[in-house]
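Enquirer: 3D model of this:
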Amino acid sequence: MKIATFNINGINKRLENLIAWLGETKPDIVCLQELKATDRQFPRTAVEAAGYGAVWQGQSAWNGVAILARDSAPVLTRVGLDGDPSDNQARYIEAAVSGVLVACLYAPNGNPQPGPKFAYKLAWHERMAEHAAELFALDLPVVLAGDYNIVPEPRDIYPTTSYDDNALVQPESRAAFRTLLDHGWLDALRKTHPKEQLFTFWDYRRNRWQRDAGLRLDHMLLSRKLSRKLIGAGIDREVRGMEGASDHAPVWITLRD
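Expert: Predicted coordinates:
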């Protein structure tokens with residue numbers, strides 16, 4: 001089984017890129033973030049024509065998450081996180097697919113920091129950690145996949161001081177990611193590539209793609225039961241180099257059946 005996550009940065013704007021990538025790599029399950037489309041604007045017909053069933057939570061202009069399943073229909077189990085009734089941002093969706101519970105998340109960016117956006121980011125991650133603990137306790141095959149908007153370690157960002165004040169690299173942000181790992185979730189990319197510098201995002205500005213000035217923001221965390229089935233993981237970097245590309249590249253894992 002192959003599971004992927006991809007911050008598409010506008011699903012309708014990047015639809016041609018998405019369909020081409022799906023056709024070439026044929027992942028069994030795909031988590032998409034930053035749809036930038038309402039529920040009605042989600043390109044269901046094109047996605048189904050490519051061979052994928054889907055569940056999604058859209059939002060106008062920003063946010064939005066979706067789970068796709070090849071030749072299958074994901075069974076929606078949850079939309080949103082508990083703990084803040086006022087939070088109406090489309091950032092979390094969960095579905096059962098082929099015996100795996102798939103959580104797709106698009107965490108808040110948190111900039112500028114300090115400030116209310118950073119406070120929301122940290123509070124959102126606290127709620128995420130609480131829900132993740134509940135999922136972990138089920139002892140089921142679970143993957144938490146998406147754009148966490150956290151650079152876990154200094155090696156997960158190119159050498160620079162330009163991000164020193166950025167919410168993505170703050171100690172509180174990194175602590176939120178570490179909380180999940182300490183609870184037992186496995187960072188699949190880092191497990192498979194323990195010593196490599198890995199990037200999944202390259203800003204459009206200042207030729208950062210051309211200079212390989214990237215960050216690792218997109219992560220796939222596995223429960224104990226799923227960790228035992230991990231075969232490999234990687235990043236489809238070439239997708240970032242396509243014309244009209246998202247500023248993120250897809251991340252994927254392969255699992256034993």
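Enquirer: from here on, just use CA atoms for contacts and neighbour counts.
Expert: Fine.
Enquirer: spatially central residue for this structure, please.
Expert: Among the residues of the chain, the one closest to the centroid is G146, at 1.1 Å (CA atoms, centre = their mean).
Enquirer: pretty sure it is in a strand, no?
Expert: Yes - using DSSP: H, G, I helix; E, B strand; the rest coil, the assignment for G146 is a strand.
Enquirer: any idea what it is bridged to?
Expert: Taking DSSP bridges as the rule, G146 bridges to L105, H219.
Enquirer: ok, it to A175 distance?
Expert: Going from G146 to A175 by CA to CA, to the nearest Å gives 18 Å.
Enquirer: the helices in the stretch 101-250 of the chain, which residues?
Expert: Ranges of helices in the stretch 101-250 of the chain, per DSSP state H, counting those that start in this stretch, are 116-137, 171-183, 188-192, 224-227.
Enquirer: shaky segments in this structure?
Expert: Within the chain, no stretch has pLDDT under 70.
Enquirer: all strands for it, in order.
Expert: Along the chain, counting by DSSP state E, strands occupy 2-7, 29-33, 52-57, 65-70, 75-79, 92-97, 100-106, 142-147, 186-187, 218-222, 230-235, 251-255.
Enquirer: buried stuff in the fifth one?
Expert: The neighbour-count criterion (16 or more other CA atoms under 10 Å) identifies V75, L76, V79 as the buried residues of strand 75-79.
Enquirer: ok, back up a step: list the contacts for the residue nearest to the centre of the chain?
Expert: By CA atoms under 8 Å, 6 or more residues apart in numbering, the contact list for G146 reads T5, F6, N7, C31, L32, Q33, C104, L105, Y106, D218, H219, M220.
Enquirer: and it, how far is that from K229?
Expert: Where K229 is concerned, G146 sits at a distance of 20 Å (CA to CA).
Enquirer: equivalent analysis for E48, please.
Expert: Distance, E48 to K229, using CA to CA: 28 Å.
Enquirer: same check, this time on R211
Expert: Distance, R211 to K229, by CA to CA: 35 Å.
Enquirer: these two touch, right, P43 and N12?
Expert: Yes - using CA atoms under 8 Å as the test, P43 is close enough to N12 to be in contact (6.9 Å).
Enquirer: in contact with the spatially closest residue to D257 that is not a sequence neighbour, which residues?
Expert: In this structure, D257 finds its nearest non-sequential neighbour in M1, 6.2 Å apart by CA to CA, 6 or more residues apart in numbering. Taking CA under 8 Å, 6+ apart as the criterion, M1 is in contact with P27, D28, T254, L255, R256, D257.
Enquirer: quick one: contacts for the third one?
Expert: Spelled out, it's T254. Listed by CA under 8 Å, 6+ apart, the contact set of T254 reads M1, K2, I3, L230, I231, G232, A233.
Enquirer: that one pairs with what?
Expert: Taking DSSP bridges as the rule, T254 bridges to K2, G232.
Enquirer: the nearest residue to G53 once chain neighbours are set aside: how many residues sit nearby?
Expert: With sequence-adjacent residues excluded and distances taken as CA to CA, 6+ apart, G53 is closest to A73, at 4.7 Å. Residues lying near A73 (other CA atoms under 10 Å) number 17.
Enquirer: might one say that A73 is in contact with W56?
Expert: No - between A73 and W56 there is no contact under CA under 8 Å: 11.8 Å.
Enquirer: quick one: contacts for R44?
Expert: Counting by CA under 8 Å, 6+ apart, R44 has contacts A54.
Enquirer: recalculate using a threshold of 7 Å.
Expert: By CA atoms under 7 Å, 6 or more residues apart in numbering, no residues touch R44.
Enquirer: do T179 as well
Expert: Counting by CA under 7 Å, 6+ apart, T179 has no contacts.
Enquirer: roughly how far apart are it and P152?
Expert: T179 is 11 Å from P152, by CA to CA.
Enquirer: how about P112?
Expert: P112 sits 19 Å away from P152, going by CA to CA.
Enquirer: who has more neighbours out of the two?
Expert: Between P112 and P152, P152 has the larger neighbour count (other CA under 10 Å), namely 23 against 12.
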